[in-house]
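# need coordinates for the following:
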Amino acid sequence: MIYDRMTMIPHSRPFLDEEDHRGVLDVLRSGQLAQGERVAAFEDAFCREMVLPGAVAVSSGTAALHLALLALKIGTGDEVIIPSYVCTALWHAVRYTGATPVLADIEADSFNLSVLDVMTRLTKKTRAIIVPHMFGQSADIDTLVNLGIPVIEDCAQSLGSHYRGQPAGTFGTAAIFSFYATKVIAAGEGGMVVSRDMNLIDNIREMRDYDEKETLATRFNYKLTDLQAALGTSQLKKLPVFIARRQEIARRYDRVLREAGLPPPVSKPDRDHSYFRYVFLLDNMDRFINDMVRQGVICRRPVFRPLHDYLEQTGFEVTNQVWRHAVSMPIYPGLTEEEVETVVSHMKTFILKD
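The predicted model follows:
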C-alpha cells in the first residue's frame, strides 16, 4: 500500500531533543568520532542503570548476541533454543557460530517463550537458551534459568522493564540490548552486552575489535562509535520518562479494547510492562491494519514472519495463532496528544462497529 509519510502517524518514531543534539554535536566538535571515552562513559552509565558490574558496547544488538554466544564457547554441533515468534536476528546470530537454532513455541497470553515447550526441546546438545522479553514484558525468566542451561536474555525490547522488582536482563548468564533507531532508547544503531560474569565481559571486550592485538585469534570489527554512544547516554537519562509515557498511552488503548469487550495486552502481576509494542489479538487483523492505514495510522504485524514458516517446520500452534491475529499499534514517547487522540478515535470507529 502506498501512503504519504508526511501525513501519516508512523508505527515507530525516535524521540530526540536538544540534549541529544548537543551530545552529538559535542562529539563532532571534539574530532573523536570512533570508539573512545564516550563509549566507555556509556558502558559505565549502563552498568549503573542495570546494577551490574560489566557492560560492553558494540555495533548492534545482533553483534552483541553473536559475541555473547561465542563467549559461552558455543559452536558447531551445539544447539541453542530460541522462539519461532521473533525477528530473524536470533536465528542469524546462532548460525554465525556454527550452532543449530532449535525453535520453540510461545505462551498465548504473553507472547513469550513457553517454558513447557522449551523443556520438550532440551537435548544433550543444548548449550544455551535465548529468551527475548517480547514487546516489553519479561518472560518467565526464573523458571527458564532454573532449567540449568545458560540463558541469554534478549532485552532489545525490554530495557526499563522489571521482573519481581529486578531489571530485565539481570537474571541470565548474560543479556543483550539494541539501540536501533526505533528501540526503547535510540542511537541509530548499537548494542550492549551485560553480565555479572566479568570473565565473560572481558572475553567479549577482547573480541569486539582486532587492532593491535598480540595474537591472530578470531576477532571482529563490532565497535560502537562515540557519536552513537553520546546519543545513547543522553537517551538513557530519559528512560523513566520514556517508559512512563508508553504506559500512559497503553492505558488509553486498554480502555478502547475493554469498551469493545476485547482483552487488552496481558500485564502479569509479578512484572511490569514497558510497552515497547502495544500488541493485541483481533480476528480481522488484516482488515484492521488496512483500515487504519487508510485513516493515516500505521499499524503492523509485530513479527514479520515466524521462523518455523521460513524453515517449513510444522507445529508451533500458538505461534501460528498469534501471528494470524496480532496487531501492533503506534506507541512511543514522541507520540503527541493529538496523535494519540487520532489513533484512539480510529480504533474505536473500527473495533466498536465491527
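
# what are the ranges of the strands in the stretch 51-200 of the chain?
Per DSSP state E, counting those that start in this stretch, the stretch 51-200 of the chain has strands spanning 54-58, 79-83, 100-104, 126-132, 151-154, 162-163, 166-167, 174-178, 191-195. These are given in chain order.

# ok, now how distant is residue 163 from residue 177?
16 Å (C-beta to C-beta, to the nearest Å). Backbone N, C-alpha and C define where each C-beta goes, glycine included.

# settle it for me: which of the two has more neighbours?
Of the pair residue 163 and residue 177, residue 177 is the one with more neighbours under other C-beta atoms under 10 Å, namely 29 against 23.

# residues in contact with the nearest residue to that one once chain neighbours are set aside?
Excluding its sequence neighbours, the residue lying closest to residue 177 (C-beta to C-beta, 6 or more residues apart in numbering) is residue 192, at 4.4 Å. The contact partners of residue 192, by C-beta atoms under 8 Å, 6 or more residues apart in numbering, come to 43, 46, 55, 56, 57, 58, 64, 176, 177, 179.

# which one of these is nearest to residue 82?
Checking those against residue 82 with C-beta to C-beta, the nearest one is residue 176 at 12.7 Å.

# which residues pair with the closest one across the strands?
For residue 176, the beta-bridge partners are residue 154, residue 193 (DSSP bridges).

# so it touches residue 60, yeah?
No - Residue 176 is beyond contact range of residue 60, at 9.7 Å (criterion: C-beta atoms under 8 Å).

# show the buried residues in the contacts of residue 192.
Of the members of the contacts of residue 192, the ones counted as buried by neighbours, 16 or more other C-beta atoms under 10 Å, are 43, 46, 55, 56, 57, 58, 64, 176, 177, 179.

# any chance of those in TSV, plus pLDDT and distance to residue 314?
Output for the buried ones among the contacts of residue 192, formatted as TSV (pLDDT from 0 to 100; distance: C-beta to C-beta, whole Å):
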residue	pLDDT	distance to residue 314
43	98	43
46	98	41
55	98	40
56	98	39
57	98	40
58	98	36
64	98	32
176	98	30
177	98	33
179	98	36
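
# now the helices for the stretch 51-200 of the chain?
61-71, 89-96, 115-121, 141-145, 198-208 (DSSP state H, counting those that start in this stretch).

# residue 104 and residue 83: what is the separation?
6 Å.

# okay, the strands of the stretch 51-200 of the chain, which one's buried deepest?
Neighbour counts (mean count of other C-beta atoms under 10 Å) averaged over each of those peak at strand 174-178, with a mean of 30.

# before we move on, back to that, output the helices of the stretch 51-200 of the chain as a markdown table; include the columns distance to residue 21.
A markdown table is the format used below for these (distance: least, C-beta to C-beta, whole Å):
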| stretch | distance to residue 21 |
| --- | --- |
| helix 61-71 | 24 |
| helix 89-96 | 29 |
| helix 115-121 | 44 |
| helix 141-145 | 37 |
| helix 198-208 | 28 |
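
# before we move on, the earlier item: which residues are in contact with both of residue 176 and residue 60?
Shared contacts of residue 176 and residue 60 (C-beta under 8 Å, 6+ apart): residue 191.

# cool, thanks, signing off.
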